[in-house]
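# Following is a predicted model, sequence given first.
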Amino acid sequence: MRPLLLWVRYDGTDFHGWQIQAPGIRTVQGELARVLTAMLGEDFRLATSSRTDAGVHALRHPVVLKSGTVISGGALQRGLNALLPKDVSIVDFRPVSPRFDSRKDALCKTYCYRINECFHPDPFLERFAWRPRARLNLSLMIEAARHLVGEHDFDSFRSVNCDSPTTRRLVQSIHVERRDGTLRIVVTGNAFLRNMVRIMVGTLVDAGRRRLAPDDMPGIIASKDRTRASMTAPAQGLTLMDVHYPLELLSDGAHGW
């Protein structure tokens, strides 16, 4: 069977992130591997470009499946979705070249962070949005976000547990908007440090609360000091929206295979 690029969607609330961990710890990769073992035996390998943290969601998380078992992509998708739990699903698939690398071939990633500005809980948002109990100044957040666009050393915006050897990243765009009753921060970049988006969001929220000024952002970036940035926004508001690849690498198409 040719390698398949699977697009996985999940509600991350009850998962300890993507990557398999110790026995008894529920992860997205663990659930997927469990069902694939039932379908294919031990004859498969999984690779991905992203390792989401506990509580983080995904709309389209790319996972490359390699297996010697002969099965059509459509049958595999149907079988997986019949056996996977309700909080994870295979929403699309596509055959790719054996040389396709889900991490190295990625052009950029897009994340969306949702904020519920209401002071009361909303049952339809609590699992998928942060409720900071504040009405935020959108204009100040947009102004502060402009300073984060471009290539910078984002050492101030990474977890103390981040082990990346380099901290320079390119943020291609940040859009802050109110939409469908929530405030959304959509970030696209070539790669992200651990907790980078959530720390950026926490800092932008402080700008919206007037706890810092938009003109403080260049100094926070230049300081390379995690204590200068704000809190790490809670995981439940963050969703991996998509990982973007060159179209020529995805030209085979998924339908009818």
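Looks like it came in fine.
# How much space separates the residue of the chain most remote from its centre from residue 39?
Seen from the C-alpha centroid of the chain, the residue lying at the greatest distance (Cα atoms, centre = their mean) is residue 70, 30.9 Å away. According to Cβ to Cβ, to the nearest Å, residue 70 and residue 39 sit 12 Å apart. Every residue, glycine included, has its C-beta placed from N, CA and C.
# Contacts only, for the residue nearest the centre of the chain.
For the chain, residue 240 is the residue whose C-alpha lies nearest the centre (Cα atoms, centre = their mean; 2.6 Å). Counting by Cβ atoms under 8 Å, 6 or more residues apart in numbering, residue 240 touches 50, 52, 56, 57, 58, 59, 60, 61, 109, 110, 111.
# Let me see the ranges of the helices in the chain.
Assigned by DSSP state H, the chain shows helices spanning 28-40, 73-83, 138-146, 196-208, 217-223.
# need those helices in JSON lines with mean neighbour count, distance to residue 174 and mean pLDDT, can you?
Converted to JSON lines, those look like this (neighbours: other Cβ atoms under 10 Å; distance: least, Cβ to Cβ, whole Å; pLDDT from 0 to 100):
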{"stretch": "helix 28-40", "mean neighbour count": "18", "distance to residue 174": "26", "mean pLDDT": "95"}
{"stretch": "helix 73-83", "mean neighbour count": "16", "distance to residue 174": "34", "mean pLDDT": "94"}
{"stretch": "helix 138-146", "mean neighbour count": "18", "distance to residue 174": "4", "mean pLDDT": "98"}
{"stretch": "helix 196-208", "mean neighbour count": "25", "distance to residue 174": "8", "mean pLDDT": "98"}
{"stretch": "helix 217-223", "mean neighbour count": "16", "distance to residue 174": "11", "mean pLDDT": "98"}
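# From residue 206, how far out is the residue nearest to the centre of the chain?
In terms of Cβ to Cβ, residue 240 sits 24 Å off from residue 206.
# okay, the helices of the chain in CSV with distance to residue 127 next?
CSV is the format used below for these (distance: least, Cβ to Cβ, whole Å):
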stretch, distance to residue 127
helix 28-40, 15
helix 73-83, 21
helix 138-146, 23
helix 196-208, 16
helix 217-223, 30
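# Check what pLDDT the closest residue to residue 194 other than its chain neighbours gets.
Using Cβ to Cβ, 6 or more residues apart in numbering and skipping residues adjacent in sequence, the residue nearest residue 194 is residue 162, 3.8 Å away. Residue 162 carries a pLDDT value of 90.
# cool, the one 4 residues further on as well?
Confidence at residue 166, expressed as pLDDT, is 94.
# ok, how many other residues are close to it?
9 (other Cβ atoms under 10 Å).
# what's the angle from the top strand by length along the chain to helix 138-146?
Under DSSP state E, the strand in the chain containing the largest number of residues is strand 168-179. Calculated by axes from the mean of the first three to the mean of the last three Cα atoms, to 10 degrees, strand 168-179 forms an angle of 160 degrees with helix 138-146.
# Quickly run through the sheet partners of strand 168-179, with directions.
Take DSSP bridges as the rule and strand 168-179 pairs in its sheet with strand 150-153 (antiparallel), strand 182-189 (antiparallel).
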